[in-house]
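Asks: just the structure for this:
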Amino acid sequence: MPLRPATEAPALTTLQPPGWKKPKGYANGMAGRGTVVMTGGLIGWDENEVLAEGFIPQVEQILRNILAVLAEAGGGPEHVARLTWYVRSVDTYRASLAELGPVYRRVMGRNFPAMALVGVADLVEPGALVEIEATAIVPDAA
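Replies: Prediction:
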């Protein structure tokens with residue numbers, strides 16, 4: 001099935017139950033219609049499989065990798081509905097939050113999808129500190 005470019009219509013709607021405190025940096029839920037795009041678990045290496053050094057550089061490269069895959073379906077950061085992060089150290093993630101926010105916004109803009117973070121004992125690729133899966137919804141052309 002050939003993919004169609006995204007339209008100018010909003011791709012996603014943030015789902016925020018009444019009375020709930022607004023989350024910071026993520027959404028509780030997202031809804032949309034269109035082509036669903038799912039990435040595999042991507043890590044912080046470039047197109048030559050050279051792994052970035054350190055947690056923040058790996059996250060930045062992963063987000064760029066997600067957008068590269070999504071662009072193949074005509075999508076962008078505004079179409080990302082969900083990110084699932086797998087980190088080798090939740091403590092490293094927490095300690096990196098001040099640096100992480102600006103890096104995230106530089107790559108993804110102010111698009112904050114539903115997110116989950118899972119601490120894991122290890123990842124398949126040696127040296128990988130974080131792996132992220134993305135689900136996006138690219139709206140169908142009108």
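Asks: doesn't Trp85 make contact with Leu123?
Replies: No - at 11.4 Å, Leu123 does not count as touching Trp85 under the criterion of Cβ atoms under 8 Å. Where you see a C-beta, it was placed from the backbone N, CA and C, and this is true even at glycine.
Asks: okay, and the common contacts of these two?
Replies: Shared contacts of Leu123 and Trp85 (Cβ atoms under 8 Å, 6 or more residues apart in numbering): Val130, Glu131.
Asks: ok, these two, which is more surrounded?
Replies: Per other Cβ atoms under 10 Å, whichever of Leu123 and Trp85 has more neighbours is Trp85, with 19 against 16.
Asks: phi first, then psi, for the more buried one.
Replies: Backbone torsions for Trp85, taken as degrees, to the nearest 10, come to phi -100, psi 130.
Asks: test my guess that it contacts Ala114.
Replies: No - Trp85 lies out of contact with Ala114 (Cβ under 8 Å); the separation is 11.8 Å.
Asks: pull the residues that contact the longest helix along the chain.
Replies: Secondary structure of the chain read by DSSP state H shows that its longest helix is helix 55-71. With Cβ under 8 Å, 6+ apart as the test, helix 55-71 has contacts from 37, 39, 42-46, 51-52, 76-77, 79-80, 83, 92-93, 96, 99-100, 103-104, 106-108, 128-132, 134, 136, 138.
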